[in-house]
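[1] sequence plus predicted model, see below.
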Amino acid sequence: MAASIPWTIKHAAPGRSNHATKATTEPALVRWSLIAVAVVFLGAFLLLPLGVVFGSAFEKGFRFYINSLSEPDALAAIKLTLIATGIAVPMNLIFGVAAAWAIGKFDFIGKSVLITLIDLPFSVSPVVSGLIYVLLFGLQGLMGPWLIAHDIRIIFAVPGIVLATIFVTFPFVARELLPMMQAQGNDEEEAALTLGANGWQTFFRVTVPNVKWALLYGVILCNARAMGEFGAVSVVSGHIRGLTNTMPLHIEILYNDYQFVAAFAVASLLALLALLTLVVKGIVEWKTRQQLAEQATASGETRQ
C-alpha cells in the first residue's frame, strides 16, 4: 500500500497538470481573434483619427501650419491654456497631497464626506459645473452685484476659466495618492517620529518618497485634463477671441468658421501634447509597478 502511493502521485500529477493547463489556455484561434479585434478597434478609433488630424493639419503645407499656430488668436489661446494649467495643476497638487495624507493617515469625523466631495467632479457634468460658477459669480448671480460694485470680473474672464479648470481636475492627484497611502499604513511615519523627526521632516523624507511615482502620475493626468477641458471652460469663458479662448475653444471657433486646416493645425498641437502625456504616463506606470513590487518584497522579507 505504501509503495502504491508514490506510483499514483507520479502518474496522476501530469494528468491533473494537463487538465489545468487546458482549462486556463484558450485555443490559438480565440487568442488571435481577440488580438485582431483589439487591433482593429484601436486602429479605427485611435490611430485613424490621429492620422486624419495630422494629415489635415499639413494639408496646405508646413508654412500654413506654422502660420496657423503663430497668428495672434492662436497664440493667445495657447498662452491662456498654459496659464490655466499652470495655476490649476499646482493648486490641485497641494490639495491632493493634503487630502490624501489626511484621509490615508488619520481618522476624523467627516472622513467619508470628504471622500465624497473629492469624487464630486467625476459625477457632475463639466457643463453643469461651469453653470454653477455662472450662478455664483455671473451678472445675475449670487455674488454678481458685489463683484461688479468692486470692479472684479470672474465670469467671462481668466479667473473664471482657472476656477472651472481647478474644479474639474482636482480629484486626479488625490485619487492616485489615496490608495497608495492607505496601503502603506503609518508604520514608517511612526518610526520616524520615534527617532526624533518632526512632522515636516517625516512628510518630506518618508511619506513623499514612498508615493512619488503615484504623485507624478496624478499630476500627469491632472495636466492632461486641464489642457483639454472644454465643457466647463466653454460656459464661463464667453468665447472672446484673443482673451478668453483656450485651445479647445479656439479649435471650435475655427471649425465653425470653416477654417478646417487651421483648426486641425491647433488640434494637432493638442494631440502632440496628449501623445507626450501618454509616453510619460507609461513610464510612470512602469516605475509605480516597480515600486509596489519592491515594497511587497520588502514587506514579505520583514514578515519572515
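    Okay, I see it.
[2] how about the strands in this protein?
    According to DSSP state E, the chain carries no segments that qualify as strands.
[3] what residue lies at the spatial centre of it?
    The centre of the chain sits closest to L221, judged by C-alpha atoms, centre = their mean, with a distance of 2.0 Å.
[4] pLDDT score for that one?
    You'll see L221 listed with a pLDDT of 88.
[5] do I have it right that it meets P171?
    No: under the criterion of C-beta atoms under 8 Å, L221 lies out of contact with P171, with a separation of 9.5 Å. Bear in mind the C-beta positions are built from the backbone N, C-alpha and C, glycine included.
[6] tell me how far the residue nearest to the centre of the chain lies from F172.
    Using C-beta to C-beta, to the nearest Å, one gets 4 Å for the distance from L221 to F172.
[7] ok, now V39?
    29 Å.
[8] could you find the closest non-adjacent residue to S237?
    Excluding its sequence neighbours, the residue lying closest to S237 (C-beta to C-beta, 6 or more residues apart in numbering) is T244, at 4.2 Å.
[9] so how far is H150 from that neighbour?
    Applying C-beta to C-beta, the value for T244 to H150 is 20 Å.
[10] the two - which one has more neighbours?
    Per other C-beta atoms under 10 Å, whichever of T244 and H150 has more neighbours is T244, with 21 against 7.
[11] pLDDT wise, what is that one at?
    T244 is assigned 91 on the pLDDT scale.
[12] so it sits right up against S234, yeah?
    No: taking contact to mean C-beta under 8 Å, the distance of 10.1 Å between T244 and S234 leaves them out of contact.
[13] show me where pLDDT drops low in the stretch 201-304 of the chain?
    Low-confidence segments of the stretch 201-304 of the chain (pLDDT under 70): 291-292, 295-296, 298-304.
[14] what are the ranges of the helices in the stretch 201-304 of the chain?
    Using DSSP state H, counting those that start in this stretch, the helices of the stretch 201-304 of the chain run over 208-210, 212-228, 231-237, 247-256, 260-303.
[15] quick revisit: phi and psi next, for the residue nearest to S237.
    Note on T244: its backbone torsions stand at phi -120, psi 20 [degrees, to the nearest 10].
[16] quick one: residues contacting it.
    Applying C-beta atoms under 8 Å, 6 or more residues apart in numbering to T244 gives the contacts 80, 156-158, 161, 237-238.
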